[in-house]
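**Student:** everything below, folded, please.
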Amino acid sequence: MSGHGDAQPMTSAKCGPLRGTASVPGDKSISHRALIFGAMAVGETKVTGLLEGQDVLDTAKAMRAFGATVTRHGEGHWTVNGVGVGGFQEPADVIDCGNSGTGVRLIMGTMATTAMTATFTGDASLRKRPMGRVTDPLSLFGTQAYGRKGGRLPMTVVGAANPVPVRYALPVASAQVKSAVLLAGLNAPGETVVIEKEPTRDHSERMLVGFGASLNVEKSKDGHVITLVGRPELRPQTVAVPRDPSSAAFPTCAALIVEGSDILVPGVSQNLTRNGLYITLVEMGAKIEFQNPREEGGEPVADLRVQFSDTMKGIEVPPERAPSMIDEYPILSVVAAFATGKTVMRGVKELRVKESDRIDAMARGLEACGVTIEEDEDTLIVHGMGAGGMPGGATCKTHIDHRIAMSFLVAGMASQREISVDDGSPIVTSFPIFESLMNGLGSAIRRG
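**Tutor:** Next up, the predicted model:
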């Protein structure tokens, strides 16, 4: 069972060509941040294109619990009346972040330097995920955290009454950890500095500047050095959320492997810290055209024309590309199974602490579908079977993980026999229209 209801088995069968326009929802990472930064600004922030998946709705509920007024005015149209930096009130109840690691970690950072106590929990998947990677650097501000063994939820966080500024070098490439530290630094005096050896998605930095924070990014021999001046007055903004490149990955990859497909995926973010999958697919020989490049909401976007690609070849994905595509390795492993040759994905150990152990989940599911897999702690290798070569015919475990569920349902669209997943209900957390969108393009996904 997922944390959002009973398990929902789903099945995907081989289908005809996918055709049409795939208008995917707004970017999840930016949607979370729009609500959180809006809650920390003084005045009314207007948001359009907000992703209304369960993860983001849980963040909206949390911002209300901390005292902000968050209002939905229509599909994707929201306003946030914020309380200012340091203005959060202590929540009256436990904050349930559902399935969202991004939500819980960013919210912890947001309240970590305000004198209050908050308790966080989530669904069964989120309660397995380590929070120490966030609470350890937050403790440098003076924050205290008390959780289950291994630093897991439920967890009570006691905000620092007299926070001090922090200089922190990220031990792992993680936009969530970086953002949590920067958010905590907003209500600390002086300058908070975060150093990352490898660049991760930079939505927090872009949005902080947009909301009026004093933030500077410099390159040095140690990597990217991000300096934030604490205790600004954030100004409300109008935020246009671009379409999510992680969600766009699913119709894109489906069109690449389903014979005869030709689709348009409009308005997809092309942020350089998020587009690693698309670079990789082109290197493999995918037929993707990036049309009408432009800027929306401070983010570069483009319309993608995607066509069936029966000559894709396996490649070695550079490990330094991992931060820009960490959420897309599950669906890339499906594409790799329909390419020829071997696709090697190294530097991906972060996948083992996502909503599930995604390396293990994809390896076991692909093996059950007839694909040869190699793996170690930090590596996943897929031996491609060529266009139409995957036998399929398996029921794959999703481990309450939306991206695992969607990846195997995409695989079923091009495999020789249908593929089922034991629980597709987590899909609603990030891509609530996945089933209707894909079936509208021509797929054959059914429930039960």
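**Student:** strands of the stretch 251-400 of the chain, residue ranges please.
**Tutor:** With DSSP state E, counting those that start in this stretch, the ranges of strands along the stretch 251-400 of the chain come out as 262-269, 287-296, 299-307, 316-317, 340-346, 372-376, 379-385, 395-396.
**Student:** can you redo those as a markdown table with mean neighbour count, distance to Pro245 and mean pLDDT?
**Tutor:** Placement of C-beta: from N, CA and C, glycine included. Formatted as a markdown table, the entries for the strands of the stretch 251-400 of the chain read as follows, by neighbours: other Cβ atoms under 10 Å; distance: least, Cβ to Cβ, whole Å; pLDDT from 0 to 100:
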| stretch | mean neighbour count | distance to Pro245 | mean pLDDT |
| --- | --- | --- | --- |
| strand 262-269 | 21 | 5 | 96 |
| strand 287-296 | 13 | 12 | 94 |
| strand 299-307 | 20 | 9 | 95 |
| strand 316-317 | 18 | 16 | 98 |
| strand 340-346 | 19 | 18 | 98 |
| strand 372-376 | 14 | 25 | 97 |
| strand 379-385 | 21 | 21 | 98 |
| strand 395-396 | 20 | 24 | 98 |
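**Student:** to Cys253, which of those strands lies closest?
**Tutor:** strand 299-307 (8.6 Å; Cβ to Cβ).
**Student:** for the closest one, packing partners?
**Tutor:** Judged by 3 or more Cβ pairs under 8 Å, 6 or more residues apart in numbering; DSSP states H and E, strand 299-307 is in contact with helix 245-257, strand 262-269, strand 287-296.
**Student:** show me where the stretch 151-300 of the chain has helices.
**Tutor:** Shown for the stretch 151-300 of the chain, the helices assigned by DSSP state H, counting those that start in this stretch span residues 175-185, 203-210, 245-257, 276-284.
**Student:** list the helices and strands the third one packs on?
**Tutor:** If you count contacts as 3+ Cβ pairs under 8 Å, 6+ apart, helix 245-257 packs onto strand 262-269, helix 276-284, strand 287-296, strand 299-307, helix 329-337, helix 402-412, helix 434-441.
**Student:** who's in contact with the residue of the chain positioned farthest from its centre?
**Tutor:** For the chain, the C-alpha lying farthest from the average C-alpha position belongs to Asn162; by Cα atoms, centre = their mean, that distance is 32.5 Å. Remark: with contacts taken as Cβ atoms under 8 Å, 6 or more residues apart in numbering, Asn162 is in contact with Gly142.
**Student:** where are the low-confidence patches of this protein?
**Tutor:** When the per-residue scores of the chain are filtered using pLDDT under 70, the ranges that remain are 1-5, 297.
**Student:** quickly list the domain ranges of it.
**Tutor:** With domains defined by automatic domain parsing, the chain comprises 10-26+242-447, 28-235.
**Student:** what about Gly440, how many neighbours?
**Tutor:** Residue neighbour count, defined by other Cβ atoms under 10 Å, stands at 15 for Gly440.
**Student:** and it, how far from Gly159?
**Tutor:** The gap separating Gly440 from Gly159 is 46 Å, by Cβ to Cβ, to the nearest Å.
**Student:** repeat that for Met325.
**Tutor:** Counting by Cβ to Cβ, the separation of Met325 from Gly159 is 34 Å.
**Student:** turn the helices of the stretch 151-300 of the chain into TSV, columns for mean neighbour count.
**Tutor:** Below are the helices of the stretch 151-300 of the chain laid out as TSV (neighbours: other Cβ atoms under 10 Å):
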stretch	mean neighbour count
helix 175-185	27
helix 203-210	22
helix 245-257	27
helix 276-284	21
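**Student:** looking at these, spot the one closest to Arg417.
**Tutor:** Across those, closest to Arg417 is helix 245-257 (Cβ to Cβ), at 15.0 Å.
**Student:** which stretches of the stretch 101-250 of the chain form strands?
**Tutor:** Ranges of strands within the stretch 101-250 of the chain are 117-121, 144-148, 152-158, 167-169, 191-196, 215-220, 223-229, 238-240, based on DSSP E, counting those that start in this stretch.
**Student:** can I get these in CSV including distance to Ala339 and mean neighbour count?
**Tutor:** Putting the strands of the stretch 101-250 of the chain into CSV (distance: least, Cβ to Cβ, whole Å; neighbours: other Cβ atoms under 10 Å) gives the following:
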stretch, distance to Ala339, mean neighbour count
strand 117-121, 41, 19
strand 144-148, 42, 15
strand 152-158, 37, 18
strand 167-169, 37, 16
strand 191-196, 32, 21
strand 215-220, 35, 12
strand 223-229, 33, 19
strand 238-240, 36, 19
